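S.K.: Kindly generate the corresponding structure for this input.
(one chain, ligands or ions: 1)
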Amino acid sequence: MMEYVKRPKIVAANWKMNGSHELCASIIDQLLLTSGSFTEMDVVLCPPFVYLHEVHQKLRESAYKLGAQNLYYESAGAFTGEISADMLRDMGCQFVIIGHSERRQLFQENDELIARKFLSAYHAGIVPILCLGETEAQRKQGVTFPTVEQQLKAVLDKVPVQAFEKAVIAYEPVWAIGTGLTASPEQAEEVHKFLREKLHAINPAIALRLPIIYGGSVKAENASDLFKQANIDGALVGGASLKAAEFLSICRSALATT
Ligand code: PGA
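M.R.: Have a look, this model is predicted:
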């Protein structure tokens, strides 16, 4: 039986490949009106790379934090089109999303590459948000637990468990991403608990402090029930993060359950 440890909530906005100068300005202006409310939790904005600078400039005096959606694991060199962890830190990023299912599926990122990316974020002092989750077919086959366990193990095989002292896991069932289908709070909680138990067997103190957030069609209307679960420490929000009012409502639900 795991003891209970209070963990601050994290809500991260994954804008994916969406946005423009205009959209950045309008979302940020609305978020800044309430920035003072979120000092007891982490609210992280992950815009596309090209908007990082502008979002950073607008957010630097606020409680909001900046994150990127990806990185390359080398620190510099002849890697055309890629961006390193050191560059992200230089631009003010404190977080980076690693291993999102869209990158695993559309850009053939495998466990080995994801582990290297995680390690380079860790070395650069950027908090990796490690995404994992099963496909619809895997859930139907009843292999959800072994699937997420393997995804976690692939990183733990290459990265010291101490790296999880400053990391976030995002459980994102692939069938729930962008589909409008959300895992029920109970379905999500059992996977979050399972992941925490796996880490607990390796290092209890780290496991109890690690934020495990949920992603997959999180909206204002379902956020609060998800956040009430003992092992759900926040959310990675895609579509709903592009609407400032809806995103703020999700953040307020998180704060209310902190
Ligand atoms: P969604 O995306 O909220 O649009 O389902 C979540 C994610 O992909 O991180």
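
S.K.: Only C-alpha atoms from now on, for both contacts and neighbour counts.
M.R.: Noted.

S.K.: how close does the residue nearest to Thr39 when sequence neighbours are not counted sit to the ligand?
M.R.: Leaving aside its chain neighbours, Thr39 sits nearest to Ala63 (5.9 Å; criterion: C-alpha to C-alpha, 6 or more residues apart in numbering). Distance of Ala63 to the ligand, computed by C-alpha to the nearest ligand atom, to the nearest Å: 21 Å.

S.K.: ok, and does the biggest helix by length in the chain reach over to the ligand?
M.R.: Across the chain, the helix with the greatest residue count (assigned by DSSP state H) is helix 185-200. No - Helix 185-200 stays clear of the ligand (C-alpha under 6 Å from any ligand atom), getting no nearer than 13.8 Å.

S.K.: likewise stretch 4-12?
M.R.: No - Stretch 4-12 lies out of reach of the ligand by C-alpha under 6 Å from any ligand atom, never closer than 8.6 Å.

S.K.: ok, residues contacting that stretch?
M.R.: 40-46, 208-211, 213, 233-237, 250-251, 254-255, 258 (C-alpha atoms under 8 Å, 6 or more residues apart in numbering).

S.K.: What are the buried residues along stretch 99-113?
M.R.: Using 16 or more other C-alpha atoms under 10 Å as the test for burial, stretch 99-113 gives Gly99, His100, Ser101, Arg104, Glu109, Asp111, Leu113.

S.K.: Kindly export that stretch (C-alpha atoms) in CSV.
M.R.: Once non-C-alpha atoms are left out, stretch 99-113 reads as follows in CSV (Å, rounded to 0.1, in the frame of the first residue of the first chain):
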residue,chain,number,x,y,z
GLY,A,99,7.5,10.8,-26.8
HIS,A,100,4.0,12.2,-27.6
SER,A,101,2.0,9.5,-29.5
GLU,A,102,1.9,11.7,-32.6
ARG,A,103,5.7,11.7,-32.7
ARG,A,104,5.8,7.9,-32.0
GLN,A,105,3.3,7.2,-34.8
LEU,A,106,3.8,9.9,-37.4
PHE,A,107,7.5,10.4,-37.0
GLN,A,108,8.6,6.8,-36.1
GLU,A,109,10.0,7.8,-32.7
ASN,A,110,10.9,4.6,-30.9
ASP,A,111,11.6,3.9,-27.3
GLU,A,112,15.3,4.2,-27.7
LEU,A,113,15.1,7.7,-29.3
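
S.K.: Contacts made by it with the rest, please.
M.R.: Counting by C-alpha under 8 Å, 6+ apart, Ile114, Leu130, Cys131, Leu132, Gly133, Gln151, Ala154, Val155, Glu172, Val174 sit against stretch 99-113.

S.K.: can you check stretch 183-198 too?
M.R.: Looking at what lies outside stretch 183-198 - C-alpha under 8 Å, 6+ apart - the contacts are 2, 145, 148-149, 171, 173, 176, 207-208, 210, 212, 214, 216, 225-226, 229-232.

S.K.: Write out the residues of the stretch 151-258 of the chain neighbouring the ligand.
M.R.: Ala176, Ile177, Gly178, Gly215, Gly216, Ser217, Val218, Leu236, Val237, Gly238, Gly239.

S.K.: Surely the first one and Ser217 touch.
M.R.: So the one you mean is Ala176. Yes - using C-alpha atoms under 8 Å, Ala176 makes contact with Ser217 at a distance of 6.0 Å.
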